[in-house]
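Q: Quick one, what's the 3D model for this:
(one chain, ligands or ions: 1)
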Amino acid sequence: MRRKLAAGNWKMNGTQANLVEIGKLATAHGESAVDILICPPATLLHAATSYAPLKFGAQDCHMLPSGAHTGDISAAQIKDAGGSAVIVGHSERREAHEEHSEIVRAKARAAQAEGLMAIVCMGESAAQREAQNTLDIIGGQLAGSIPDNATGENLVVAYEPIWAIGTGLVPTLAQIGEVHDFIRARLERRFGAGVGRSVRILYGGSVKPDNAAEIFTVPNVDGALVGGASLTADAFSPIIKALE
Ligand code: PEP
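A: Coordinates of the predicted model:
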């Protein structure tokens, strides 16, 4: 049985003052039956970890453990700051930092080597969906971005159609289901039924309090990766409740 996961990606938003939102979530969902993970900016990670039992992670990591990489942070540093997870391969990094799947895979492997859970993101552009290439794109990103040593503990896959991120556009439930079923089948084929069925698959892209419940009815949707609506407890709490 896969434990549901509500993950928030704060992106480049938030200062110390915003930690109050995490405090509200910890109070409201301290005994939650689902996993709640917040990935704030790296500047807030250590301070955020005082709000256990919520879990915290980073939004990216370098593929190497240390060295001359100005501005980057390593998986070991994320762990040292109290993080237990890291998002890799978000479409904003794939685009703005030219992170192709081979790089994403190396970052995921680095995270797993430190005992972190890698949340590997993938998704098609509007043009790729229009051209009916969605499953080809996802198949390629899955094969290229996911390391060979995946387990239900060290890997989460997030399906995030690029055209749905921050736009208010959401795929139909059938479209979400088609991709999640495809990802599940590919994971089972590559890693065997045991591991393949234990890896959680999140949907991400304009998840809001008013659409979360219906998205969570789709088979193989094990939770959500939420951007904008994870920034306040008022918006994120109903999404978590829809999963609980
Ligand atoms: C995201 O960037 O991971 C995301 C899903 O953003 P939003 O929820 O704002 O669409």
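Q: and the protein, which of its residues are near the ligand?
A: Where the chain comes near the ligand, counting by C-beta under 6 Å from any ligand atom, the residues are 9, 160, 165-166, 204-207, 225-229. Using the backbone N, CA and C atoms, a C-beta is placed for each residue, glycine as well.
Q: in the helix or strand residue 77 falls within, what's buried?
A: Assigned by DSSP states H and E, residue 77 belongs to helix 75-80. Buried residues in helix 75-80, counted by 16 or more other C-beta atoms under 10 Å: 75-79.
Q: same thing with stretch 58-75?
A: Using 16+ other C-beta under 10 Å as the test for burial, stretch 58-75 gives 58-63, 73-75.
Q: Same list (those) but as CSV, adding pLDDT.
A: Formatted as CSV, the buried residues of stretch 58-75 follow (pLDDT from 0 to 100):
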residue, pLDDT
58, 98
59, 98
60, 98
61, 98
62, 98
63, 97
73, 98
74, 98
75, 98
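Q: closest to residue 212 among those?
A: Using C-beta to C-beta, residue 59 comes nearest to residue 212 of the buried residues of stretch 58-75, at 21.3 Å.
Q: Residue 142 versus the closest one, what's the distance?
A: Using C-beta to C-beta, to the nearest Å, one gets 21 Å for the distance from residue 59 to residue 142.
Q: what does residue 46 give?
A: For residue 46, the distance to residue 142 - C-beta to C-beta - is 33 Å.
Q: repeat for residue 219
A: The separation that residue 219 has from residue 142, given C-beta to C-beta, amounts to 18 Å.
Q: Compare neighbour counts for those two and give me the winner.
A: Higher neighbour count among residue 219 and residue 142: residue 142, with 19 against 10, using other C-beta atoms under 10 Å.
Q: what is the mean pLDDT for the strand or helix carrying residue 234?
A: Using DSSP H and E, residue 234 sits in helix 233-243. In this model, helix 233-243 has an average pLDDT of 98.
Q: Flag every buried residue along it.
A: Within helix 233-243, judged by 16+ other C-beta under 10 Å, the buried ones are 233, 235-243.
Q: Let's have those in CSV, adding distance to residue 109.
A: As requested, the buried residues of helix 233-243 are exported to CSV (distance: C-beta to C-beta, whole Å):
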residue, distance to residue 109
233, 34
235, 34
236, 30
237, 34
238, 36
239, 30
240, 30
241, 35
242, 33
243, 29
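Q: For the closest residue to the ligand within the chain, give me its contacts.
A: Using C-beta to the nearest ligand atom, the closest approach of the chain to the ligand is made by residue 227 at 2.2 Å. By C-beta atoms under 8 Å, 6 or more residues apart in numbering, the contact set of residue 227 is 8-9, 11, 165-166, 204.
Q: same thing but at 7 Å, please
A: With contact set as C-beta atoms under 7 Å, 6 or more residues apart in numbering, residue 227 has these partners: 9, 11, 165-166.
Q: Most neighbours among these, which one?
A: That'd be residue 9 among the contacts of residue 227, by other C-beta under 10 Å, with 26 neighbours.
Q: Tell me the bridge partners for it.
A: Beta-bridge pairing for residue 9 (DSSP bridges): residue 39.
Q: isn't it right up against residue 86?
A: No. Look at residue 9 against residue 86 with C-beta atoms under 7 Å: they stay out of range, at 11.0 Å.
Q: per-residue confidence at the nearest residue to residue 237 once chain neighbours are set aside?
A: Nearest non-adjacent residue to residue 237, counting by C-beta to C-beta, 6 or more residues apart in numbering: residue 28, 5.4 Å away. For residue 28, the pLDDT comes out at 96.
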